[in-house]
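Undergrad: just to be clear, the model below is a prediction. Sequence and coordinates:
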Amino acid sequence: MDIEENPFTEALQSDALVQLLKNKDKRELAEKLVENLKKMSEMFVQLSDSEKQQFVTEFKGKFVNQLKALNEMVLQQTVAEENSEAQKLIPDFDVSGTYQEEVKFYLMIAFGMLVLLFVVFFGYKLYLSLTEKERKREEKLKAKQAKKKK
């Protein structure tokens, strides 16, 4: 039988096992797993061809599926760790401070507009009052001139 048919050799060469060995928290577990896989690989080699065939038909599919699941789990964990590292690199903006500054800015603009509105309103009233007085004075003057001519 070829080495490729030995599922334990395939497991020993898997990316998941390599990743587990790199992870210092799970290194001890991974080393025990490697040790057990080597023993199982040696036992597999010592089996007769019919026993190997029986093992392949009964267990290899399940074993390979478990190995794929382990690979996927390690890949997801790696991606999650990379995302958490990337998340740490994103600067944390103080949004509330920026929001408060914007609100203060708009309140100042609103207050300035209100003051300007009052100035314009009272300026307009003053203008109307002065023009009304001027008009009345001119009317009185015309009325006096009309009386003098009579």
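TA: Perfect, I can see it now.

Undergrad: give me the domain ranges for this structure.
TA: What automatic domain parsing lists as the domains of the chain is 3-89, 101-150.

Undergrad: give me whichever of these is most buried.
TA: Mean neighbour count (mean count of other Cβ atoms under 10 Å) peaks for domain 3-89 among the domains of the chain, with a mean of 13. Just so you know, the C-beta spots here come from the backbone N, C-alpha and C atoms, and that holds for glycine as well.

Undergrad: could you give the average pLDDT over that domain?
TA: The pLDDT scores in domain 3-89 average 75.

Undergrad: now for the helix or strand where residue 88 lies, which elements pack on it?
TA: Applying DSSP states H and E as the criterion places residue 88 in helix 61-89. Using 3 or more Cβ pairs under 8 Å, 6 or more residues apart in numbering; DSSP states H and E, the elements in contact with helix 61-89 are helix 7-12, helix 15-22.

Undergrad: nearest to residue 104, of those helices?
TA: Across these, residue 104 has its closest neighbour in helix 15-22 (51.6 Å, Cβ to Cβ).

Undergrad: between that closest one and helix 61-89, how big is the angle?
TA: Angle, helix 15-22 to helix 61-89, by axes from the mean of the first three to the mean of the last three Cα atoms, to 10 degrees: 50 degrees.

Undergrad: what packs against helix 15-22?
TA: Secondary-structure packing of helix 15-22 (3+ Cβ pairs under 8 Å, 6+ apart): helix 27-46, helix 61-89.

Undergrad: tabulate those helices (JSON lines), appending distance to residue 125.
TA: Listed next are those as JSON lines, based on distance: least, Cβ to Cβ, whole Å:
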{"stretch": "helix 27-46", "distance to residue 125": "86"}
{"stretch": "helix 61-89", "distance to residue 125": "61"}
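
Undergrad: I'd like to know which of these is closest to residue 20.
TA: For the helices and strands packed on helix 15-22, the distance to residue 20 is smallest for helix 27-46, at 3.7 Å, taking Cβ to Cβ.

Undergrad: following that closest one, which helix or strand shows up next?
TA: The helix or strand immediately downstream of helix 27-46 is helix 49-55, counting by DSSP H and E.
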